[in-house]
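**Q** The sequence isn't on hand, but the structure is:
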């Protein structure tokens, strides 16, 4: 896969409509960086439903390790990115992070080709809900470990073991604040989703080829 450049992340011809339009979910635990990821990579101003944290969430939302967080997504985030060379537009849907808003996840995941699960090594256990959700829906996903300045360093093998990830699930380190870094994660998801789709297609051949 080629590295992202400025020409990779913007359409080469604004008047040309890409052939494929795909829906992708960006999910993960509370404060893992979902809104930041979509905002950094989207080629349009993102639609966000962030609201300020209030005392109503006290005792409900776990803010351990998130002392500086003052807002939260209460419905969804939405952005868009174009891969012109691949003739693809991705529509990005970010899920809310708190458990009390997870009833919305299934609706946001409807029709998606894959998901990015964001992981925060300061709160790694928060990733399990998103991973389990993807597995239950048989939704291809990649795990992207977001960089936080106060997080302890862990090796990819340690993180993969802690999250009990299957060997075929891509695991990447990235910085949600950097456009090129988020671009690479989304590109990896597209490749992984297509690969999983092809594997499923070949493992379930059409009944028209049966004889008897």
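**A** Received, thanks. All values reported here derive from a predicted model rather than from experimental measurement.
**Q** Only C-alpha atoms from now on, for both contacts and neighbour counts.
**A** Will do.
**Q** Which strand or helix spans residue 198?
**A** Residue 198 is located in helix 179-203, with elements delineated by DSSP states H and E.
**Q** repeat for residue 80
**A** Counting by DSSP H and E, residue 80 is found in strand 71-83.
**Q** mean confidence for that strand?
**A** Mean pLDDT, strand 71-83: 79.
**Q** Provide the contact partners of the helix holding residue 198 at residue level.
**A** 3-5, 9, 37, 40-41, 113-116, 140-142, 144, 170, 172, 174-176 (CA atoms under 8 Å, 6 or more residues apart in numbering).
**Q** Give me the secondary structure label for residue 36.
**A** helix (DSSP: H, G, I helix; E, B strand; the rest coil).
**Q** what sits against it?
**A** Residues counted as contacts of residue 36 (CA under 8 Å, 6+ apart) are 176-177.
**Q** you'd agree residue 90 is in a helix?
**A** No: Residue 90 is assigned strand when assessed by three-state DSSP, not a helix.
**Q** contacting residues around it?
**A** For residue 90, counting by CA under 8 Å, 6+ apart, the contacting residues are 21-24, 80-83.
**Q** so it bridges to which residues?
**A** Note on residue 90: beta-bridge partners by DSSP bridges are residue 22, residue 81.
**Q** which residues does the most centrally placed residue in the chain form a beta bridge with?
**A** The residue lying closest to the centre of the chain (CA atoms, centre = their mean) is residue 116, at 2.1 Å. Beta-bridge partners recorded for residue 116 (DSSP bridges): residue 26, residue 142.
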